[in-house]
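Enquirer: Provided below for reference: sequence and predicted model.
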Amino acid sequence: MEGKAPVSEHGETSKVAAAPEVVVASGSRAAGSRGLAVVDLVLRFVAVIATVGSAIAMGTASQTLPFFTQFLRFKAQYNDLPTLTFFVVVNSIVAAYFVLSIPLSIVHIIRSRAKYSRLVLVFFDAAMLALVTSAASASAAIVYLAHKGNARANWFAICQQFDSFCERISGSLIGSFAAMALLLLLKILSAAALARR
């Protein structure tokens, strides 16, 4: 008798048995969407930490070297290079975006059927991914030149003298590339959540 609807005394079939299966399927879909929203929220918190850490590490990178006397000194700062300044600004913008997107992520946990707010997040996640990718890639090129130099362009490697400055700017790239990976994961999660509709 499995798979058949029960027959009543008057020959009418009852449709009550099929209803719990629909509720269970819709309940599991909502639970899956809610689970994706929780993971989305956690990834956004981690991305805030990564981007703020990157911006702070780069923004506080500075080293001064004495040269013969105390009156003549060489100084290296992040704002000596416009690319590194761009890196700090972009990571700050992306961190602010993540902080502002957290309430929407919380709404997705409460209302798992929210569709248009997910589309807004997908759009802005893509824009932030483009920004972080450009800033991290350009800064990685500058950090590489600081470590290796370029003999053809007569750019000398400065990391032999400014070692702590170079360690600081190299370490700041880690958070930015982590934010890139997290934004890719967030895009995949948003696509999965929208596909469940």
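Expert: Nice, thanks for sending it over. Numbers count the residues shown, from 1 in each chain.

Enquirer: for the strand or helix carrying Met180, give the mean pLDDT please.
Expert: Assigned by DSSP states H and E, Met180 falls within helix 163-195. Taken as a whole, helix 163-195 has a mean pLDDT of 88.

Enquirer: show me how far that helix is from its chain's centre.
Expert: 5 Å (C-alpha atoms, centre = their mean, to the nearest Å).

Enquirer: which helix or which strand is home to the residue nearest to Ala192 when sequence neighbours are not counted?
Expert: Closest residue to Ala192 apart from its sequence neighbours, by C-beta to C-beta, 6 or more residues apart in numbering: Leu36 at 6.1 Å. C-beta here means a position set from N, CA and C on the backbone, and glycine is covered the same way. Leu36 belongs to helix 19-59 when assigned by DSSP H and E.

Enquirer: ditto for Phe123
Expert: Here Phe123 is covered by helix 116-148, with elements defined by DSSP H and E.

Enquirer: pLDDT on that helix, on average?
Expert: 92.

Enquirer: likewise for stretch 77-95?
Expert: For stretch 77-95, mean pLDDT is 91.

Enquirer: give the buried residues for it.
Expert: With burial defined by 16 or more other C-beta atoms under 10 Å, the residues of stretch 77-95 counted as buried are 78, 81, 83-88, 90-95.

Enquirer: over to stretch 50-69?
Expert: Buried positions in stretch 50-69, judged by neighbour count with 16+ other C-beta under 10 Å: Ala50, Thr51, Val52, Gly53, Ser54, Ala55, Ile56, Ala57, Met58, Gly59, Ala61, Gln63.

Enquirer: got JSON lines for the residues you listed, with pLDDT and distance to Leu194 too?
Expert: Putting the buried residues of stretch 50-69 into JSON lines (pLDDT from 0 to 100; distance: C-beta to C-beta, whole Å) gives the following:
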{"residue": "Ala50", "pLDDT": "94", "distance to Leu194": "25"}
{"residue": "Thr51", "pLDDT": "95", "distance to Leu194": "25"}
{"residue": "Val52", "pLDDT": "95", "distance to Leu194": "28"}
{"residue": "Gly53", "pLDDT": "94", "distance to Leu194": "30"}
{"residue": "Ser54", "pLDDT": "93", "distance to Leu194": "29"}
{"residue": "Ala55", "pLDDT": "92", "distance to Leu194": "31"}
{"residue": "Ile56", "pLDDT": "93", "distance to Leu194": "34"}
{"residue": "Ala57", "pLDDT": "91", "distance to Leu194": "35"}
{"residue": "Met58", "pLDDT": "90", "distance to Leu194": "34"}
{"residue": "Gly59", "pLDDT": "88", "distance to Leu194": "36"}
{"residue": "Ala61", "pLDDT": "83", "distance to Leu194": "40"}
{"residue": "Gln63", "pLDDT": "75", "distance to Leu194": "47"}
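
Enquirer: now the residues you listed as JSON lines including distance to Lys148?
Expert: Formatted as JSON lines, those follow (distance: C-beta to C-beta, whole Å):
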{"residue": "Ala50", "distance to Lys148": "26"}
{"residue": "Thr51", "distance to Lys148": "27"}
{"residue": "Val52", "distance to Lys148": "29"}
{"residue": "Gly53", "distance to Lys148": "25"}
{"residue": "Ser54", "distance to Lys148": "22"}
{"residue": "Ala55", "distance to Lys148": "25"}
{"residue": "Ile56", "distance to Lys148": "26"}
{"residue": "Ala57", "distance to Lys148": "21"}
{"residue": "Met58", "distance to Lys148": "19"}
{"residue": "Gly59", "distance to Lys148": "24"}
{"residue": "Ala61", "distance to Lys148": "18"}
{"residue": "Gln63", "distance to Lys148": "18"}
